[in-house]
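*Asks:* With the sequence up front, the predicted model follows.
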Amino acid sequence: MNIGEVSDRSGLPAKTIRYYEDIGLIHPDRSANGYRSFSENDLHKLAFLGRSRALGFSIEDCRHLLTLYEDRSRASADVKEIAKGHLARIDEKLAELHQMRATLAGLVHACAGDDRPDCPILADLAAKT
């Protein structure tokens, strides 16, 4: 398959596929004229990477997950450890987002939103921390 075909079938943009090749996540063959030639295995890896990235795994996590996926003697505990670490980072981000939301909601509530120039939102943004 050429890059257009594998892009269509994997759902990943060609630019992303080239990037994954550049950083060593996939290794398509090259034809005599230098064009990439993707196998079904390459397509499967790209789909795996696409699903992993859609779940928010980092590139390094994807690299480790792909290595573990290809290792038939892997321990599922190793996979679970990566997923647990990612889940903890998601939980941290959610807590940060909830705090941001609470702060912003309080500021919006405190602002009269009328013709006066006084604005607690701007005052808070300008305050030194």
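*Replies:* Received, thanks.

*Asks:* residues contacting the most centrally placed residue in the chain?
*Replies:* Central residue of the chain (Cα atoms, centre = their mean): residue 56, 3.6 Å from the mean position. Residues near residue 56 by Cβ atoms under 8 Å, 6 or more residues apart in numbering: 86, 90. Heads up, the C-betas are built off the backbone N, CA and C, glycines and all.

*Asks:* 10 Å instead?
*Replies:* 86, 87, 89, 90, 93 (Cβ atoms under 10 Å, 6 or more residues apart in numbering).

*Asks:* ok, of these, which come out buried?
*Replies:* Buried members of these, counted by 16 or more other Cβ atoms under 10 Å: residue 86.

*Asks:* related to what we said a few turns ago, and the residue nearest to the centre of the chain, what helix or strand is that in?
*Replies:* Using DSSP states H and E, residue 56 maps to neither a helix nor a strand.

*Asks:* In which helix or strand does the nearest residue to residue 11 once chain neighbours are set aside reside?
*Replies:* Spatial nearest neighbour of residue 11, chain neighbours left out: residue 50 (5.9 Å); criterion: Cβ to Cβ, 6 or more residues apart in numbering. In the assignment (DSSP H and E), residue 50 maps to helix 40-54.

*Asks:* For that helix, buried residues please.
*Replies:* Result for helix 40-54 [16+ other Cβ under 10 Å]: buried residues 42, 43, 45, 46, 48, 49, 50, 52, 53.

*Asks:* What's the first helix or strand after that helix?
*Replies:* helix 59-70.

*Asks:* now the strands for the chain?
*Replies:* Under the criterion DSSP state E, strands of the chain are mapped to 29-30, 36-37.

*Asks:* which residues touch the last one?
*Replies:* So that's strand 36-37. Counting by Cβ under 10 Å, 6+ apart, 1-3, 6, 14, 17-18, 21, 26-31, 42 sit against strand 36-37.

*Asks:* again, but for the first one
*Replies:* By Cβ under 10 Å, 6+ apart, the residues outside strand 29-30 that reach it are 35, 36, 37, 38, 39, 42.

*Asks:* Make a PyMOL selection of the buried ones in the residues you listed.
*Replies:* The buried residues among the contacts of strand 29-30 can be selected in PyMOL (16+ other Cβ under 10 Å) with this line:
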select buried, resi 36+38+42
